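>>> Below: sequence and its predicted model.
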Amino acid sequence: MVATLLSVLSTFYKKMTDPKQERTFIAVKPDGVQRGLIGEIIKRFEARGYKMVAGKLIWAPKDLLKNHYKDLADKPFYNGLVEYMSSGPVFAMVWEGKEVVKMGRQMLGATNPLASMPGTIRGDFGIDVGRNICHGSDAVETARREIALWFKEEELSDYEFANKSWIYE
Ligand code: ADP
């Protein structure tokens, strides 16, 4: 009994402290969905070796979007941003892996697609900042907040990649 409890606690502790378990919230915005880029964006994260632990198409209510972008409420583009994000469904995802928050931001590119390097998602597919295709959490703490905002705990799948040892040394 005690041994089982210790084993469960030890597994839980390892999961909480394993850097490979870092998670981020990535969303294909309404323009990305309309332009048929869901598959392209998933492909890039999969090819890198990251693991999708949740994904769904959702036409987000304005309340959710206002909460998601609450730190930008005083920006002049805030109302337009909420309108844009509620203009159609988004594909919301949670990705897991080593330094996925930072690498996810790099893979997305700069906020303004015109400042994004070719090879990044925004740099390959976008032009205007108000149509920048995708969202990615900017820090581990933000990722926790955004994942909890967009997903219920039971929507997150906890599983191992069979080929994990071919991705991580
Ligand atoms: P990021 O999405 O790269 O984290 P921000 O958090 O600064 O960037 O902004 C959130 C979103 O608001 C951006 O992705 C973009 O869609 C929109 N946005 C940012 N700046 C502008 C702007 N100057 N004009 C219009 N929309 C903007």
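Perfect, I can see it now.
>>> On the three-state scheme, the residue most central in space within the chain is what?
Central residue check for the chain by CA atoms, centre = their mean: the C-alpha nearest the mean position is that of residue 26, 1.8 Å away. Counting by DSSP: H, G, I helix; E, B strand; the rest coil, the backbone at residue 26 sits in strand.
>>> Start at 45, not 1
Okay, using 45 as the starting number, the last item reads as residue 70.
>>> Could I get the contacting residues of it?
Shown here is residue 70, whose contacts under the criterion CB atoms under 8 Å, 6 or more residues apart in numbering are 85, 89, 137, 138, 139, 148, 152, 178, 179, 180, 181. Where you see a C-beta, it was placed from the backbone N, CA and C, and this is true even at glycine.
>>> measure residue 167 to the ligand for me?
Between residue 167 and the ligand the computed distance is 13 Å (CB to the nearest ligand atom, to the nearest Å).
>>> Ok, residue 93 next?
As it turns out, when the distance is counted by CB to the nearest ligand atom, residue 93 lies 23 Å from the ligand.
>>> Same question for residue 103.
As defined by CB to the nearest ligand atom, residue 103 lies at a distance of 17 Å from the ligand.
>>> Show me the shaky parts of this protein.
Residues of the chain that meet the criterion pLDDT under 70 lie in 45-61, 63.
>>> Enumerate the residues of it near the ligand.
116, 121, 125, 155, 173, 174, 176, 179, 182 (CB under 6 Å from any ligand atom).
>>> so which of these comes closest to residue 190?
Distances from residue 190 to these, taken as CB to CB, are shortest for residue 179 (8.5 Å).
>>> Show me the contact partners of whichever strand or helix holds that closest one.
Secondary structure assignment for residue 179, by DSSP states H and E: strand 178-180. In this structure, residues lying in contact with strand 178-180 by CB under 8 Å, 6+ apart are 68-73, 76, 81, 85, 134, 145, 148-149, 151-152, 165-166.
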